[in-house]
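Engineer: Let's see this in three dimensions:
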Amino acid sequence: MNAAFSSGMVVATMALASCDLSSNGVPPDLKASVYRPGNQKPVDSVLKVRVGDKAPDFTLPSVSGKKVTLSSYRGRRNVVLTFVPAAYTPVCSAQWPGYNISLGLFESHDATLLGITTDNLPSLHAWTVAMGGLDFEALSDFWPHGKVASRYGLLRSDGTTERALVVIDKQGVIRYIDVHDINQRPPLEDLIGELSKLD
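Structural biologist: Numbering: from 1, shown residues only. All right, here's what the predicted structure looks like:
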């Protein structure tokens, strides 16, 4: 582990520790609004992409009002796609604020973070505001419903997405995939470790 990576992880860990996250990491102001679906089947889809594949391109609307196209980052930035199942659910409501606190780590690896859910834009907007805002693009894969998640093989049978991370290099090639247990938050250090391999 190099010194920059180690130092960055210490800073991110301290930032997360200093943020008042209670109830499994859900920000306190959001706690009453969170829907608790209970324990779910860990994975409920069949992956359609593999490490080494060109990442399927897409254009999705963002809460920011922009349309975001994956291929627009090609040749310039690494990209991390963070698919989360649904707005206002416990793990998702802790995972994205944690990434938001740690954006400096993504930046240090020339990586742009793009969040994707199958929620519609009004719901996604309300949720991101309730989380205190996000400094990365939150994209809606609502219509045609779950089209992007389906192309990646990440659409669950209930219409939500898997909790998944896809790291794409500057050439548009998938370098890492983590289809994580939907009931758990993926470890940030694993993701940043994979990004460090692209340096």
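
Engineer: rest of the way, CA atoms for contacts and neighbours
Structural biologist: Will do.

Engineer: where are the low-confidence patches of this protein?
Structural biologist: Applying pLDDT under 70 to the chain flags residues 1-25, 27, 29.

Engineer: Contact partners for the residue most central in space within it?
Structural biologist: In the chain, the residue lying closest to the centroid (CA atoms, centre = their mean) is T82, at 2.1 Å. T82 sits next to L113, L114, G115, I116, R163, A164, L165, V166 when contact means CA atoms under 8 Å, 6 or more residues apart in numbering.

Engineer: try S64
Structural biologist: Shown in contact with S64 (CA under 8 Å, 6+ apart): E137, A138.

Engineer: Y73 versus that one, what's the distance?
Structural biologist: 17 Å (CA to CA, to the nearest Å).

Engineer: same question, L60
Structural biologist: From L60 across to Y73, the span is 14 Å (CA to CA).

Engineer: just M131 next, same as before
Structural biologist: 27 Å.

Engineer: Check V79 too.
Structural biologist: With CA to CA as the criterion, V79 and Y73 are 7 Å apart.

Engineer: which one of these two has more residues nearby?
Structural biologist: Ranked by neighbour count (other CA atoms under 10 Å), V79 and Y73 place V79 first, with 26 against 18.

Engineer: Surely that one is within a helix?
Structural biologist: No. Per DSSP: H, G, I helix; E, B strand; the rest coil, V79 lies outside any helix segment and is strand.

Engineer: who's in contact with it?
Structural biologist: Counting by CA under 8 Å, 6+ apart, V79 touches Y73, A111, T112, L113, L114, V167, I168, D169, K170.

Engineer: The last one contacts Y73, correct?
Structural biologist: This points to K170. Yes. With contact defined as CA atoms under 8 Å, K170 counts as touching Y73 (7.1 Å).

Engineer: Could you look up the SS state of the spatially closest residue to A138 that is not a sequence neighbour?
Structural biologist: Nearest non-adjacent residue to A138, counting by CA to CA, 6 or more residues apart in numbering: G115, 4.6 Å away. Per three-state DSSP, the secondary structure class of G115 is strand.

Engineer: What's the local residue count around G115?
Structural biologist: 19.

Engineer: Kindly report the same for I101.
Structural biologist: I101 has 17 neighbours, counted by other CA under 10 Å.

Engineer: let's number from 9 now, not from 1
Structural biologist: Done: numbering now begins at 9, and the last item shifts to I109.

Engineer: do you know how far D207 is from V51?
Structural biologist: 31 Å.

Engineer: so where do the helices sit in this structure?
Structural biologist: All helices of the chain, identified by DSSP state H, fall at 11-26, 98-109, 111-115, 129-138, 155-160, 196-204.
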